[in-house]
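**Q** coords below, sequence missing:
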């Protein structure tokens, strides 16, 4: 007798309750299993389930015992899938000063120690050893951003593509729903994993770079070995990779490593609303698995009453991985899909009428794109707004304002807060608002969608540091604060502006931090809360500058605070009392 189970199965007992004798696909994730569209393993599982595949999830398997968690569900008919979770496992484990963290927001009870270092590699090696003939497909942010030779801050050296170290058969980079469906369907039809050499948005390791590429151009990169010997070649690789990732139509990239070749196929076509809706409209419970009953998962608590409205970011910040993972071009959901999810949230048992966020990577990029699509198809700029706003970019906030109004007026909604950070350079320049509509957006945002505090990210105030960060001039933040104070006072809102800052970023010296501290005190930001010490992460411009000591595009040397004590000294300026 088949028993309905709202969650995807995680145990042998749950699989048997569904009447399944064998699973098609088994997914392993380094996070706790939360059945919510903000958690990648749940999305991939639901997408495959919707295609008719029998899928199970093994969250946070124990890699230190007899490996029973890797054996308990048997052998899948098609493949194993692996994700390191919503964060790179090393970022999850260690602070900017490489100290081991005592907590883990993606684990029930906020307890550290439930995932290994380099989780994707660890899980993949275990599965390939136990089941050498079963395909292993890796994905998620950890695999995605380590697909090429990359600088690893925690080992303080260049590491080869994760494909070379993990022994996985195939890598899916970026937002992988469509790629994983194609892989599953191809294997279902009888194809072999090594025959899936031309799938968009995938990477593989091969002995010989084949010539089959559907007529697309190949771009050969410097080898891993050459990058280790010569930082200039590593920097050149990064520039080529970033340039291609910012194109609508990219080349296939080939990187030699250890006598083989990492081949990274171009991304899939740009997703439209229908494509994005597909992942969000699936029957999520929006809750952690019942196994975690009475335990808090902090990462879930942060987003359980929030709704994501788009993917991607064209900001191009040096230290950010969003565009490298989700893409530069904005992929927005339909209004119908968003409103349906809001209705689901209003039906949740603990919901009291307060939506914590209606945003995305940058909250106010919803439906923004180039006016002339032909120009966008020829563009390879790293950002549509830095160093200046692209003339072709349509920065209209009209769709967003309309959406805000509809959600505000929905039954069960008392307040809609925008918890995601906003890009003020999309509605302001040094002279003020770009148009009356932009002024209306900021005014309506402050009056209706700020729960006491508005988050923004100037990141620094020194011009040369901001240039290295690919952030706008600090004068723009000052102008935004002026408008914030004016509206706040005229409407008697009594709200707080909360800026984010980073210390020890390449180009930032102790003198720059002293300048930042003095500037903040002059602006009456006497107590900074949202601050962080820079941590180099794979596949970002900032990490390349940190490792190389120069700007990879200009070749000019750049100051880098590498010493632990120096980094601590810079961070202390955040806490200087006036």
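**A** Yes, it's here. Worth saying up front: this structure is predicted, and the values here are computed from it rather than measured.

**Q** now do the phi/psi pair for residue 311.
**A** Residue 311 adopts backbone torsions of phi -120, psi 160, taken as degrees, to the nearest 10.

**Q** give me the local confidence score for it.
**A** With respect to pLDDT, residue 311 scores 93.

**Q** list the contacts of it.
**A** By C-beta atoms under 8 Å, 6 or more residues apart in numbering, the contact set of residue 311 is 175, 271, 276, 326-327, 330-332, 360-361. C-beta coordinates here come from the backbone N, C-alpha and C atoms, glycine included.

**Q** what pairs with it across the strands?
**A** Counting by DSSP bridges, residue 311 forms beta bridges with residue 331.

**Q** show me the contacts of residue 311 that map onto strands.
**A** Mapping these onto strands (DSSP state E) picks out 331-332.

**Q** all helices of the stretch 1-150 of the chain, in order?
**A** Secondary structure of the stretch 1-150 of the chain (DSSP state H, counting those that start in this stretch): helices located at 12-17, 40-50, 68-71, 89-93, 119-130, 140-144.

**Q** domain ranges for the protein, per the record?
**A** Residue ranges for the domains of the chain, per automatic domain parsing: 12-203, 305-422, 452-578.

**Q** quick one: contacts for residue 264?
**A** So residue 264 contacts 147-148, 173, 202-203, 252-255 (C-beta under 8 Å, 6+ apart).

**Q** from the residues you listed, which ones fall inside strands?
**A** Those of the contacts of residue 264 mapping onto strands are 202-203, 252-255, per DSSP E.

**Q** hmm, residue 345 and residue 351 touching each other?
**A** Yes. Counting by C-beta atoms under 8 Å, residue 351 touches residue 345, with 6.0 Å between them.

**Q** the more surrounded of the two?
**A** Between residue 351 and residue 345, counted using other C-beta atoms under 10 Å, residue 345 has the larger neighbour count: 18 against 15.

**Q** returning to what we had before: tell me which of the domains of the chain sits most buried.
**A** Greatest average neighbour count among the domains of the chain goes to domain 12-203 (a mean of 20), per mean count of other C-beta atoms under 10 Å.

**Q** end to end on that one, go ahead and measure it.
**A** In domain 12-203, first residue to last residue: 32 Å (C-alpha to C-alpha, to the nearest Å).

**Q** so how far is that domain off the chain centroid?
**A** Here the centre of mass of C-alpha atoms in domain 12-203, compared against the chain's by C-alpha atoms, centre = their mean, to the nearest Å, lies 16 Å away.

**Q** what's the answer for stretch 530-537, then?
**A** 15 Å.

**Q** rounded mean pLDDT for it, please.
**A** pLDDT averaged over stretch 530-537 gives 93.

**Q** what about it, start to end distance?
**A** By C-alpha to C-alpha, one end of stretch 530-537 lies 19 Å from the other end.

**Q** and if you look at stretch 322-333?
**A** 17 Å.

**Q** show me how far that stretch is from its chain's centre.
**A** On C-alpha atoms, centre = their mean, the centre of stretch 322-333 falls 9 Å from the chain's centre.

**Q** tell me how far the closest residue in space to residue 530 that isn't next to it in sequence lies from residue 422.
**A** Excluding the flanking residues, the one nearest residue 530 by C-beta to C-beta, 6 or more residues apart in numbering is residue 500, at 4.6 Å. Distance from residue 500 to residue 422, counting by C-beta to C-beta, to the nearest Å: 12 Å.

**Q** what do the two both touch?
**A** 455-456.

**Q** if we can go back for a sec, ok, which pair from the ones in strands among the contacts of residue 264 is furthest apart?
**A** 202 and 255 (14.6 Å; C-beta to C-beta).

**Q** what segments of the stretch 451-578 of the chain are helices?
**A** 463-469, 474-490, 510-522, 541-548, 564-572.

**Q** how about the ones you listed, which one is nearest residue 444?
**A** helix 474-490 (10.0 Å).

**Q** follow-up on the earlier one: which stretch among the domains of the chain comes nearest residue 289?
**A** Comparing those by C-beta to C-beta, domain 12-203 comes nearest, at 4.6 Å.

**Q** what's the average pLDDT for the closest one?
**A** For domain 12-203, mean pLDDT is 96.

**Q** now swap in stretch 257-265 and tell me
**A** The predicted model assigns stretch 257-265 a mean pLDDT of 96.

**Q** how far off centre is that stretch?
**A** Centre-to-centre, stretch 257-265 and its host chain are 24 Å apart (C-alpha atoms, centre = their mean).

**Q** only the buried residues of that stretch, if you could.
**A** Buried residues in stretch 257-265, counting neighbours by 16 or more other C-beta atoms under 10 Å, are found at 257, 260-265.

**Q** picking that back up, where does confidence bottom out across the contacts of residue 311?
**A** Among the contacts of residue 311, residue 271 carries the weakest pLDDT, at 81.

**Q** identify the residues contacting the one helix or strand residue 446 maps to?
**A** Assessed by DSSP states H and E, residue 446 sits inside helix 436-448. Residues outside helix 436-448 that contact it (C-beta under 8 Å, 6+ apart): 364, 395-398, 400-401, 404, 408, 416, 418, 422, 424, 426-428, 433, 454, 483-484, 487-488, 491, 493, 495.
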